[in-house]
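K.L.:
quick one: sequence plus predicted model below, questions after.
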Amino acid sequence: MTSMAGVLVPSSSSSSSISSYKPSHSISSTYRSSIINAKKRSLICFSSKKGKPGFFDVILDYIEGGPKLRKWYGAPDLYAEDGSNLEQADISSEEDEVRDAVLVTDGDNEIGQTIILSLIIKRIRVKALVKDKRAAMESFGTYVESITGDPKDSSFLKKSLRGVRAIICPNEGFLSKVESLKGVQHVVILSQLSVYRASSGVQAIMNSTARNLAEQDESSIVAAGIPYTIVRTGVLTNDRGGKPGFSFEKGCTTNGSLSKEDAAFICIEALDVVPEKELVFEVVNGEENILNWKDQFEKLTKQA
């Protein structure tokens, strides 16, 4: 057995046991340390030859039981009898669509990719907006429905939202372009609006576009009338997540910071806790350890 990108990957002599392997510990307690670390070093699928499993497929097969996961998840077999790749087609009509997907509105940036990997591990159907569909396919395979197009095109945005029950926005600029969020049940927004508003001088000029987009996104989701959660952070850093605790004090984002890994993790946790109307809170890395995120979100709702 060899180690690759922080995750144990079976050697060629042990590859036959991949599909029968079952982890002895909960995947929820390990995906942040193993999968995120693997992603952090490389999200490119190191596929060797045509018809051979890629790097990410080998990892996911190894930790989740391979073919059994594919059948459970509903993904097609990766390779046909001749060894060629198969692409998943979704031609379901809007009338009989099942809303079971989570849309990640930026699958290209680091936080978005971390969120996508976390959703895959949780066996959630994922759709992602990306700039390079081929690169996304190499990174995530058939586990993600990667979508490319003009974000200003209303038909493209409508197609993106087909079958979507929830949206995670790791970056600003998506919601303000959408004409309708009909059918969407929850939107989670990762916002640096506090940072943009606190900046001054040259930094304020550099942040002006992002600030405008963030403000437009928040206005759009309020007007949409569907449940939403806004995770308002301090400066996002490349520090390793999971070690420090957190602070939710009002005003903490003015001078505080939050690791990108923790930002992605909080978005994933917030996805499963749908507020009646809204939940907006500030968070940075601090001293408070959170044992139960559902209880923490309920606490923050009462404090709002």
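P.N.:
Looks like it arrived, so ask away.
K.L.:
hey, where'd the strands end up in the chain?
P.N.:
2-4, 7-9, 101-104, 125-129, 144-147, 164-169, 186-191, 228-233, 235-237, 245-247, 257-259, 278-286 (DSSP state E).
K.L.:
please name the strands paired to the third one in the sheet, noting orientation.
P.N.:
Just to be clear, that refers to strand 101-104. Paired strands of strand 101-104, with direction, are strand 125-129 (parallel), strand 164-169 (parallel) (DSSP bridges).
K.L.:
out of the ones you listed, which is closest to V280?
P.N.:
strand 164-169 (13.8 Å; C-beta to C-beta). Bear in mind the C-beta positions are built from the backbone N, C-alpha and C, glycine included.
K.L.:
tell me the mean pLDDT over that closest one?
P.N.:
For strand 164-169, mean pLDDT is 98.
K.L.:
just stretch 260-269 next, same as before
P.N.:
96.
K.L.:
same thing with stretch 222-235?
P.N.:
96.
K.L.:
buried ones in that stretch?
P.N.:
Residues of stretch 222-235 classed as buried: A224, I226, P227, Y228, T229, I230, V231, R232, T233, G234, V235 (neighbour count, 16 or more other C-beta atoms under 10 Å).
K.L.:
restricting to C-alpha, output that stretch in CSV.
P.N.:
C-alpha atoms of stretch 222-235 as CSV (Å, rounded to 0.1, in the frame of the first residue of the first chain):
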residue,chain,number,x,y,z
VAL,A,222,-33.9,38.3,0.1
ALA,A,223,-36.3,39.2,-2.7
ALA,A,224,-36.6,35.5,-3.8
GLY,A,225,-38.4,34.6,-0.6
ILE,A,226,-36.8,31.2,0.0
PRO,A,227,-34.8,30.0,3.0
TYR,A,228,-31.2,31.1,2.9
THR,A,229,-28.1,31.0,5.0
ILE,A,230,-25.4,33.6,4.7
VAL,A,231,-22.0,32.6,6.2
ARG,A,232,-20.2,35.9,6.6
THR,A,233,-16.5,35.4,7.1
GLY,A,234,-13.4,37.4,7.8
VAL,A,235,-10.4,37.3,5.5
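K.L.:
can you pull out the residues in contact with it?
P.N.:
With contact meaning C-beta atoms under 8 Å, 6 or more residues apart in numbering, stretch 222-235 is reached by 175, 181, 184-195, 218, 221, 252-258, 263, 266-267, 270, 273-284, 297.
K.L.:
any quick ChimeraX command for the buried ones out of the residues you listed?
P.N.:
A single ChimeraX command selects the buried members of the contacts of stretch 222-235 (16+ other C-beta under 10 Å):
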select :175,181,184,186,187,188,189,190,191,192,193,194,195,218,221,252,253,256,257,258,263,266,267,270,273,274,275,279,280,281,282,283,284,297
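K.L.:
and the closest residue to Q216 other than its chain neighbours, what's its pLDDT?
P.N.:
Closest residue in space to Q216, ignoring its immediate chain neighbours: S176 at 3.7 Å, by C-beta to C-beta, 6 or more residues apart in numbering. The score at S176 is 90. That number is its pLDDT.
K.L.:
for V184, see how far away S176 is.
P.N.:
15 Å (C-beta to C-beta, to the nearest Å).
K.L.:
one more: K122?
P.N.:
19 Å.
K.L.:
swap in V202?
P.N.:
From V202 to V184 the distance is 38 Å (C-beta to C-beta).
K.L.:
OK, contacts around the closest residue to R125 other than its chain neighbours?
P.N.:
Closest residue to R125 apart from its sequence neighbours, by C-beta to C-beta, 6+ apart: A101 at 4.4 Å. A101 is in contact with I124, R125, V126, K127, E145, G163, V164, R165, counting by C-beta under 8 Å, 6+ apart.
K.L.:
out of those residues, which comes closest to A136?
P.N.:
Of the contacts of A101, the one sitting nearest to A136 (C-beta to C-beta) turns out to be E145, at 9.5 Å.
K.L.:
surely the closest one and K127 touch.
P.N.:
Yes. Under the contact definition of C-beta atoms under 8 Å, E145 touches K127, with a separation of 4.6 Å.
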